[in-house]
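In: structure, please.
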Amino acid sequence: MSDYINTALLEIAERDGETYDVVLLQYHNTKKTLQGLSYIYLDCYTEYKSEPSRISAKKFFKDLDYVTYLDELQTIYQSSFVRCNSMEEFKNKFPRLYYDAFRYLENKALAIYPLKGVHGYLGMIVLLYDKPRKYYDGYTEKVITPSAE
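Out: All right, here's what the predicted structure looks like:
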């Protein structure tokens, strides 16, 4: 399974042509309360980095508590995707996610695409850029969708 996922992230990077990192974030619920209720966390499952010397997103996307970021994550899901041509723009829209994870990365711009399964959201694909990205009509269908299905 991980070979298939890593190949999908590589294909996204190749089709995009400008991203230096493609990150796959997933939800997991491995921890439980004393009452047996599951906590939900957002975690980096894997990433494709075009340059190994870049800072890894895995360090900063570890057990991010879903409840803490609920409002911001729902905004992302309702939008179908988020594209920010500066980290200042991202910080203004999603301050908690910015300060807890994204501010540590080297990117100047980013795009986020939620992944939806049969019973709800599974996670998201994040593309990191060194500079603002110009998007063309049909970008999502040509670049993201073929590997996200």
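
In: and the helices in the chain?
Out: 2-16, 70-79, 87-93, 95-100, 139, 145-148 (DSSP state H).

In: for the longest one, the distance to its chain's centre please.
Out: It refers to helix 2-16. Distance of helix 2-16 from its chain centroid, counting by C-alpha atoms, centre = their mean, to the nearest Å, is 14 Å.

In: let the chain start at 23 from now.
Out: Yep, numbering from 23; the last one is helix 24-38 now.

In: list the buried residues for it?
Out: Within helix 24-38, the residues scored as buried using 16 or more other C-beta atoms under 10 Å are Ala30, Leu31, Ile34, Ala35, Asp38. Any C-beta I mention is one placed from the backbone N, CA and C, and that applies to glycine too.

In: tell me which other helices or strands that helix touches.
Out: Secondary-structure packing of helix 24-38 (3 or more C-beta pairs under 8 Å, 6 or more residues apart in numbering; DSSP states H and E): strand 43-50, strand 63-71, strand 142-151, helix 167-170.

In: can you list the strands that the longest one pairs with?
Out: Strand 142-151 pairs in its sheet with strand 43-50 (antiparallel), strand 131-139 (antiparallel), by DSSP bridges.

In: alpha carbons of it, in PDB - could you do that?
Out: This file holds the C-alpha atoms of strand 142-151, laid out as PDB (Å, rounded to 0.1, in the frame of the first residue of the first chain):
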ATOM      1  CA  GLY A 142     -16.400  11.300   5.600                       C
ATOM      2  CA  TYR A 143     -13.000  13.000   5.300                       C
ATOM      3  CA  LEU A 144      -9.900  10.800   5.400                       C
ATOM      4  CA  GLY A 145      -7.200  13.500   5.400                       C
ATOM      5  CA  MET A 146      -5.700  15.900   2.800                       C
ATOM      6  CA  ILE A 147      -3.000  16.400   0.300                       C
ATOM      7  CA  VAL A 148      -0.800  19.500   0.800                       C
ATOM      8  CA  LEU A 149       1.500  20.900  -1.900                       C
ATOM      9  CA  LEU A 150       4.300  23.200  -0.800                       C
ATOM     10  CA  TYR A 151       5.800  25.800  -3.100                       C
END
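
In: pLDDT on stretch 50-57, on average?
Out: In this model, stretch 50-57 has a mean pLDDT of 73.

In: next one: Met109 from Glu73, what distance?
Out: 19 Å (C-beta to C-beta, to the nearest Å).

In: any idea how many residues pack against Tyr63?
Out: 19 (other C-beta atoms under 10 Å).
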